[in-house]
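> Kindly return the folded structure for what I paste below:
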Amino acid sequence: MEKPRVVIVGDGVAGAATAFALARRGAAVTVVDAGLVGRATDAGAGIVQPWSTTSDGGFYELYSAGADFYPELIERLAEAGVHDIGYRRSGALVVNRDASVIEEVEQRVRVRAAASRTAGDVRRVDPGTARELFPPLADGYHGLHISGGARVDGRALRTGLLEAAEAHGATRVEAGAELTDDGAVTVDGSALTADAIVVAAGAWTDRVLRPLSVRVRVEPQRGQLIHLRVDADTRNWPSVHPVAPHYLVAFDAGRIVAGATRETGSGFDARVTAEGERQVLEDALALAPGLAGASVIETRVGLRPLPEGDLPTVGPVDGRPGIYVNAGFGAGGLTMGPLVGDLLAERVLAECG
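From the prediction side, this is the model:
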């Protein structure tokens, strides 16, 4: 029996996860990506900690399921020869100066953690213990420690997923892809043979779909993050969440990621801006003044694919048999993307196999 042929447009985490899931199930996969500047996956902070979010409903269910999928994903990647995606469950620390705020968060987290395979233990910590867990933290922050909070390196995850897909026979094309009005995909004017096409082009998804007169209403939202380096063993420091949009995430070798701006209406402008850097550093140092002497390594910019509603658009395009979309994860792509790619792969193969 001939393998189903699937072309995936976009190799960020959504496209890479879909490619791996399809290839490991036996599909003949071609991944096409133009390498545009501003891909969200390359700039993501990498927090995998859904339990404290105030969002609920379908978004939270998908967010939590994405976190719980990681151990299975890591096993599958290891079977394909990929052993490091920068993932570690080093804990998460939700902090606030008002103990009653932490009490409210705790009530929500404990209910959710009880239903999660990966959340681990949940415990209240006093300000002194909070600083022991994350030494640069300011005095006076009450905390809630979630032992299963994790982080993942978005660039390493994307690379690992693509390498694992290639180990299962997938091929990659570094070029811009275009759809034609009759539902074919072309590269440099030549059509690629496909039984199914998955458009996973992040913030550029509507641009790719334009020839089909289809829109999924995903717009770019610029996010700027600053990577710092401290002279300390940060491998087991937790991520820090001050019940606000900004955060701190610790990686190995003294690297701390501080973020992030949420610049709705930015368009496809992937520049580092003075105001963006000021905002990120001001938030980071207010939360953790012990980072004042840290070295600034780099500022990364990603264009998040912001959906019109709460949920990403995943599934077939109405009236266009064989064409699917996987886009619109906003700031949750590194948590949700691997699971959603796996679920979409099952659907694609069931419908085109």
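
> Report the contact partners of the closest residue to V32 other than its chain neighbours.
Using Cβ to Cβ, 6 or more residues apart in numbering and skipping the chain neighbours, the partner closest in space to V32 is A177 (4.2 Å). C-betas here are computed from N, CA, C, even on glycine. Going by Cβ atoms under 8 Å, 6 or more residues apart in numbering, A177 touches 7, 9, 32-34, 185-187, 192, 208.

> Dig out what A177 forms beta bridges with.
On the basis of DSSP bridges, A177 is bridged to V187.

> Tell me how far it lies from L162.
16 Å (Cβ to Cβ, to the nearest Å).

> how deep is R271 tucked in, by neighbour count?
By other Cβ atoms under 10 Å, the residues close to R271 number 11.

> give me the element it is part of.
Counting by DSSP states H and E, there is no helix or strand that carries R271.

> What residues does the nearest residue to it once chain neighbours are set aside make contact with?
Sequence neighbours aside, V301 is the residue nearest to R271 in space, at 6.9 Å (criterion: Cβ to Cβ, 6+ apart). Counting by Cβ under 8 Å, 6+ apart, V301 touches 38, 43, 222-225, 270-272, 276.

> ok, back up a step: can you tell me which of the contacts of A177 are in strands?
Mapping the contacts of A177 onto strands (DSSP state E) picks out 7, 9, 32-33, 185-187, 192.

> Just give me the closest of those residues to V122.
Using Cβ to Cβ, D33 comes nearest to V122 of the ones in strands among the contacts of A177, at 39.4 Å.

> Let me know the secondary structure of the residue nearest to that closest one when sequence neighbours are not counted.
Nearest non-adjacent residue to D33, counting by Cβ to Cβ, 6+ apart: D11, 3.9 Å away. What DSSP: H, G, I helix; E, B strand; the rest coil gives for D11 is coil.

> pretty sure D11 contacts T18?
No: in this structure D11 lies outside contact range of T18 using Cβ atoms under 8 Å: 9.7 Å.

> Who are the packing partners of the helix ranked longest in the chain?
Longest helix in the chain by number of residues, with DSSP state H as the criterion: helix 57-79. In terms of contacts (3 or more Cβ pairs under 8 Å, 6 or more residues apart in numbering; DSSP states H and E), helix 57-79 is packed against helix 13-24, strand 47-48, helix 154-167, helix 333-352.

> Same list (those) but as a markdown table, adding mean pLDDT.
Listed next are the helices and strands packed on helix 57-79 as a markdown table, based on pLDDT from 0 to 100:
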| stretch | mean pLDDT |
| --- | --- |
| helix 13-24 | 98 |
| strand 47-48 | 98 |
| helix 154-167 | 98 |
| helix 333-352 | 96 |
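
> Quick one, which of those gets closest to A294.
Closest among the helices and strands packed on helix 57-79, using Cβ to Cβ: strand 47-48, at 19.0 Å.

> what separates stretch 34-49 from the chain centre, distance-wise?
Distance of stretch 34-49 from its chain centroid, counting by Cα atoms, centre = their mean, to the nearest Å, is 7 Å.

> what does stretch 246-259 give?
That offset, for stretch 246-259, works out to 15 Å (Cα atoms, centre = their mean).

> Now that stretch: buried residues?
246-251, 254-259 (16 or more other Cβ atoms under 10 Å).

> can you check stretch 165-175 too?
Per 16+ other Cβ under 10 Å, stretch 165-175 contains these buried residues: 165-168, 170, 172-173.

> repeat for stretch 342-352
342-345, 348-349, 352.

> if we can go back for a sec, for D139, state which of the buried residues of stretch 165-175 is nearest.
A165 (47.8 Å).

> about what we covered before: now the residue nearest to V32: how far from G38?
17 Å.

> for T234, same thing?
In this structure, T234 and G38 are 27 Å apart, going by Cβ to Cβ.

> mind listing what the nearest residue to A80 once chain neighbours are set aside touches?
Among residues not flanking A80 along the chain, A164 sits closest, at 3.7 Å (Cβ to Cβ, 6+ apart). The contact partners of A164, by Cβ under 8 Å, 6+ apart, come to 20, 23-24, 76-77, 80-82.

> Check the gap between V317 and L22 for me.
V317 is 17 Å from L22, by Cβ to Cβ.

> Between these two, which has more neighbouring residues?
Per other Cβ under 10 Å, whichever of V317 and L22 has more neighbours is L22, with 29 against 18.

> and the gap between the more buried one and R172?
13 Å.

> The helix or strand where E104 lies - what's its average pLDDT?
E104 is part of helix 99-114 when elements are defined by DSSP H and E. For helix 99-114, mean pLDDT rounds to 97.

> residue boundaries of the strands in the stretch 201-350 of the chain?
218-229, 239-241, 247-250, 255-259, 263-264, 295-307, 313-316, 323-327 (DSSP state E, counting those that start in this stretch).
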